[in-house]
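>>> My questions are about this predicted structure, shown below with the sequence.
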Amino acid sequence: MEDMINSLEGGREVKKRKDTITGILFSLPAILGFLCFALGPMVVSFILGFTDYSISGSATFCGLDNYKKMFTGGDVFFFKALSVTIFFAFLNVAVCMITGFLIALLLNSKMIKRKAALRAIFYIPTIIPYVATAMIFMWMMSPDFGLFNILLKQIGLEGSKWIYDEKTVLPSLLFITAWTAGNVMVVFLAGLQGVPGNLYEAVEIDGGGFIRKFQYVTLPMMTPIIFFNGLMFLIASMQGFMPAAVITQGGPNNATLFYTYYMYKQAFEFSNLGYASALGWVLFLVIAILAAIIFKTSKYWVFYSDEGC
């Protein structure tokens with residue numbers, strides 16, 4: 001009897017060991033991918049941030065000189081790039097979130113027919129390559145023969161320089177990015193369709209209309225989705241590269257010198273890979289601080305259904 005028990009326990013140990021080995025083998029590609037393509041480059045860039053390294057030369061340790069250069073005025077473009085990026089990121093989040101939410105409310109309305117077709121139409125700009133979208137809008141915003149200025153002149157208004165003027169370039173880029181708010185709209189629409197109908201019925205029984213339903217049901221129930229979309233979109237906007245690289249090249253007069261584009265120029269145009277790595281870690285800390293603030297304040301405005309809201 002004792003031998004049988006020992007045999008069963010030994011069999012369990014062998015099966016447990018096999019399951020462990022199988023689990024490790026299945027997770028190994030993900031672990032290796034993370035080590036090679038995420039953690040590895042992060043460690044290398046952190047080390048390079050303390051060096052004076054260019055593509056053509058060898059890395060020379062320089063301590064905190066790269067960081068001192070940023071914060072002591074040695075780099076006149078650092079604070080310009082950081083301020084432009086933060087300003088554009090928050091505006092971009094606000095514009096795209098409001099646009100996506102309004103479209104989702106429209107598509108969730110019972111009065112709208114052919115919702116599937118409209119949903120596809122609003123989502124199509126998201127899957128169009130950004131370069132193609134940029135080329136279309138660069139033509140439409142041309143001061144000389146652009147479609148927008150032609151339409152403005154038809155109604156007796158003066159044309160604008162759009163992306164070619166430092167005063168109007170950021171609003172113009174915001175208009176272009178709002179065009180691709182379809183991914184935000186899809187997430188909002190999924191959240192709206194998950195709101196229990198009995199909550200709206202309760203508001204109707206109390207005599208509430210659309211505004212009351214939105215204030216006491218829709219908005220509180222959507223705060224987790226707003227939190228998620230806002231955080232993800234803020235991080236993506238802080239890392240924005242394509243508008244500056246494809247449309248404006250950081251101009252005019254550095255009005256769109258986005259941080260990641262400035263990092264790119266330092267690394268691959270000026271060959272300052274060490275300084276570009278330091279810039280990357282500063283951006284990482286800025287995004288981490290903003291994300292921490294959002295998480296910290298979320299308890300005051302994000303409501304979950306299991307909390308009785």
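Received, thanks. Numbering: from 1, shown residues only.

>>> measure the spatially most central residue of the chain to residue 274 for me?
With distances taken as CA atoms, centre = their mean, the residue of the chain nearest its centroid is residue 236 (2.1 Å). Taken as CB to CB, to the nearest Å, the spacing of residue 236 relative to residue 274 amounts to 26 Å. C-beta here means a position set from N, CA and C on the backbone, and glycine is covered the same way.

>>> quick revisit: what's the pLDDT at the residue nearest to the centre of the chain?
What the model reports for residue 236 is a pLDDT of 92.

>>> now residue 222
The predicted local confidence for residue 222 is 93.

>>> what does the one 4 residues further on give?
Reading off the per-residue confidence, residue 226 sits at a pLDDT of 94.

>>> for the one 4 residues further on, same thing?
You'll see residue 230 listed with a pLDDT of 93.

>>> can you map out the strands along the stretch 201-309 of the chain?
Taking DSSP state E, counting those that start in this stretch, the stretch 201-309 of the chain contains no strands at all.

>>> where along the stretch 51-200 of the chain do the helices fall?
If DSSP state H, counting those that start in this stretch is used as the criterion, the helices of the stretch 51-200 of the chain fall at 65-71, 78-108, 115-127, 130-140, 147-154, 169-178, 182-193, 197-205.

>>> err, the stretch 201-309 of the chain, not the other one
210-213, 219-238, 242, 259-264, 273-297.

>>> tilt between the last one and helix 78-108?
For helix 273-297 against helix 78-108, the angle between stretch directions is 50 degrees (axes from the mean of the first three to the mean of the last three CA atoms, to 10 degrees).

>>> Which other helices and strands does helix 273-297 contact?
Applying 3 or more CB pairs under 8 Å, 6 or more residues apart in numbering; DSSP states H and E, one finds that helix 273-297 contacts helix 40-48, strand 51-52, helix 65-71, helix 78-108, helix 219-238, helix 259-264.

>>> show me where pLDDT drops low in the stretch 101-250 of the chain?
Filtered on pLDDT under 70, the stretch 101-250 of the chain yields no residues whatsoever.

>>> residues near the closest residue to residue 240 other than its chain neighbours, how many?
Leaving out its chain neighbours, the residue that sits closest to residue 240 by CB to CB, 6 or more residues apart in numbering is residue 258, at 5.5 Å. Burial of residue 258 is recorded as 26 neighbouring residues (other CB atoms under 10 Å).

>>> From the structure, what's the count of residues near residue 121?
Residue 121, neighbours per other CB under 10 Å, totals 11.

>>> Give me the distance between it and residue 56.
Taking CB to CB, one finds residue 121 at 50 Å from residue 56.

>>> same thing with residue 299?
51 Å.

>>> Then residue 297?
47 Å.

>>> And for residue 284?
Distance from residue 284 to residue 56, by CB to CB: 27 Å.

>>> Neighbour count: those two, which is higher?
residue 284 (14 against 5).

>>> which residues touch the more buried one?
Shown in contact with residue 284 (CB atoms under 8 Å, 6 or more residues apart in numbering): no residues.

>>> at 10 Å what do you get?
Neighbouring residues of residue 284 by CB atoms under 10 Å, 6 or more residues apart in numbering: 42, 45-46, 238.
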